[in-house]
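Colleague: Starting from these lines, generate the structure:
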Amino acid sequence: MIPTIALIMAGGGGKRLWPASRADRPKQLMPDPIEPWRPLLAATASRLTGLLNAGHMRVVTVEDQLEPVRDALPELTEAQFFAEPRARNTAPAVALSLVHLRAQLGEIADHAVVVALPADHMITDEPRFRACLRHAIEHAAAHDCVVTLGIEPKYAATGYGYMQRAAKPLEAGEVGISEIPIYPALRFVEKPDQVTAASYLASGDYLWNAGIFVFPLARLERDFERYTPDLVRALAPVGEALEAGADPTAATRAAYAEIRSAALDVAIMEKLDDILVVPANIGWSDLGVWKSIADLLPTDADGNAIAVNANHEVVLIDSRDNLVFSEDATVGLIGVEDLAVVVSDNKVLVCPKYRSQEVRDLVKELTRRSLKR
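Modeller: The predicted structure is shown next:
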């Protein structure tokens with residue numbers, strides 16, 4: 001059996017989902033829109049069950065989120081959480097986690113495979129998701145390579161990065177549900193314009209980049225040493241402290257004083273010439289904006305999507321195609337269409353669903369006004 005660790009990256013902010021996602025409750029801690037009794041982080045951990053148990057999970061977050069992140073996953077021990085002094089994007093988060101994993105696993109680290117994935121996405125076809133991961137883990141271990149899950153696109157999205165796959169798969173394996181192919185990934189592409197995104201969709205050769213990567217731990221250590229030697233040098237004292245059985249907090253804070261922000265995709269993955277991709281039709285969404293949440297929720301006969309606390313009600317009269325997300329208030333709508341209405345923490349957002357990308361601008365303005373006081 002391949003020793004496998006799931007590394008859940010839980011240090012994000014999610015400003016586009018205000019007011020449910022805020023500075024004091026980042027996106028990964030907001031309620032799962034479909035199962036609101038648990039946060040998105042807990043849903044992420046839960047869907048990994050069946051692939052590996054809780055003892056094989058690790059969570060990397062930032063210090064000021066550590067306590068609520070731990071509270072969201074009470075089944076995990078203190079040693080299963082890695083804390084960054086401040087957010088520096090996914091490359092430093094993963095690099096720091098590999099240092100901790102090397103110290104925790106010892107010799108097993110040379111044979112371990114890591115599944116690194118975001119904490120705040122939604123996946124509705126969980127059996128298929130686990131089958132795709134299982135296939136990726138087996139291939140990564142057998143061939144000492146990085147495998148990513150690419151999401152089969154549903155429309156010409158301009159808000160996602162893409163990856164181009166080769167025309168033919170390397171192989172096909174029967175894993176759990178159905179035959180799952182695996183392809184060479186030819187290149188990564190940053191968020192395209194509308195015309196380019198439409199051409200990607202028409203070609204059938206491009207997949208959305210969901211930021212889910214599977215890799216042998218030792219392999220990615222070598223890639224960090226090759227492509228980000230400054231990052232490796234900065235984190236070396238953290239590894240030395242862990243090896244000596246000392247508290248690594250001071251060494252970590254010193255390292256992060258000089259570490260620059262970098263995405264794992266840009267720092268490592270885009271530079272690899274042997275990365276592979278599993279096309280994954282798994283009901284995925286990054287829940288990036290309120291419209292994407294509306295698209296996932298079940299709707300009533302008039303196309304309204306509703307996610308509301310059980311203690312409150314939603315009354316809709318002559319209203320169609322709206323999203324209502326309310327944690328702490330009863331909501332009534334009359335004669336409106338295609339709105340997002342969000343109530344959380346005594347704050348209210350109302351906007352057309354198609355303009356939900358602009359919520360980030362609203363948060364910037366609220367922050368500006370707060371700083372002026």
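
Colleague: Look at residue 255 and give its secondary structure.
Modeller: At residue 255 the chain is in helix, as set by DSSP: H, G, I helix; E, B strand; the rest coil.

Colleague: Contacts only, for it.
Modeller: By Cβ atoms under 8 Å, 6 or more residues apart in numbering, the contact list for residue 255 reads 96, 234-235, 237-238. The C-beta positions use only the backbone N, C-alpha and C, and glycine is treated the same way.

Colleague: cool, and residue 90?
Modeller: Taking Cβ under 8 Å, 6+ apart, we find residue 90 in contact with 9, 116, 211, 262-265.

Colleague: Could you single out the nearest of the residues you listed to residue 256?
Modeller: Nearest to residue 256 among the contacts of residue 90: residue 262, at 12.6 Å, using Cβ to Cβ.

Colleague: Quick check: closest non-adjacent residue to residue 150.
Modeller: The spatial neighbour of residue 150 that comes closest, neighbours along the chain excluded (Cβ to Cβ, 6 or more residues apart in numbering), is residue 207 at 2.9 Å.

Colleague: meant to ask about residue 75, not that
Modeller: Per Cβ to Cβ, 6+ apart, closest to residue 75 is residue 54, 4.8 Å.

Colleague: how many neighbours does the one you found have?
Modeller: Number of residues near residue 54 (other Cβ atoms under 10 Å) recorded here: 15.

Colleague: give me phi/psi at it?
Modeller: As for residue 54, its main-chain torsions (degrees, to the nearest 10) stand at phi -60, psi -30.

Colleague: count of residues packed around the residue nearest to residue 150?
Modeller: Other residues within reach of residue 207, judged by other Cβ under 10 Å, total 25.

Colleague: Can you name the residues bridging to it?
Modeller: Beta-bridge pairing for residue 207 (DSSP bridges): residue 163.

Colleague: Now for it: which residues touch it?
Modeller: Residues counted as contacts of residue 207 (Cβ under 8 Å, 6+ apart) are 150-153, 162-163, 165, 277, 279.

Colleague: let's go with 10 Å and repeat that
Modeller: Residue 207 makes contact with 148-153, 160-165, 183, 185, 200, 277-280, according to Cβ atoms under 10 Å, 6 or more residues apart in numbering.

Colleague: Pick out the residue nearest the middle of the protein.
Modeller: What sits nearest the mean C-alpha location of the chain, by Cα atoms, centre = their mean, is residue 118, with 2.1 Å.

Colleague: contacting residues around it?
Modeller: By Cβ under 10 Å, 6+ apart, residue 118 lies in contact with 8-12, 27-28, 40-41, 44, 90, 210-212, 286-287.

Colleague: returning to what we had before: buried ones only from the contacts of residue 207, please, as a PyMOL command.
Modeller: Here is the PyMOL selection string for the buried members of those, based on 16 or more other Cβ atoms under 10 Å:
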select buried, resi 148+149+150+151+153+160+161+162+163+164+165+183+185+200+277+278+279+280
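
Colleague: I'd assumed residue 14 was in contact with residue 20.
Modeller: Yes. The criterion here is Cβ atoms under 10 Å, and residue 20 meets it with residue 14 at 8.6 Å.

Colleague: now residue 315, what's its secondary structure?
Modeller: Following three-state DSSP, residue 315 is assigned to strand.

Colleague: On the strand side of things, show who it bridges to.
Modeller: Residue 315 has these beta-bridge partners by DSSP bridges: residue 332.

Colleague: That one contacts residue 330, correct?
Modeller: Yes. Counting by Cβ under 10 Å, residue 330 is a contact partner of residue 315 at 7.6 Å.

Colleague: before we move on, back to that, what do residue 20 and residue 14 both touch?
Modeller: Both residue 20 and residue 14 are in contact with 27, 29-30, where contact means Cβ under 10 Å, 6+ apart.

Colleague: And the pLDDT for the residue nearest to residue 150?
Modeller: At residue 207, the model reports a pLDDT of 95.

Colleague: what about it, distance to residue 167?
Modeller: Using Cβ to Cβ, to the nearest Å, residue 207 is found at 13 Å from residue 167.

Colleague: so what's residue 145 closest to, chain neighbours aside?
Modeller: Leaving out its chain neighbours, the residue that sits closest to residue 145 by Cβ to Cβ, 6+ apart is residue 274, at 5.3 Å.

Colleague: hmm, back to that, among the contacts of residue 255, which pair sits farthest apart?
Modeller: Farthest apart among these by Cβ to Cβ are 96 and 237. That separation is 11.8 Å.

Colleague: Sweet, I'm off.
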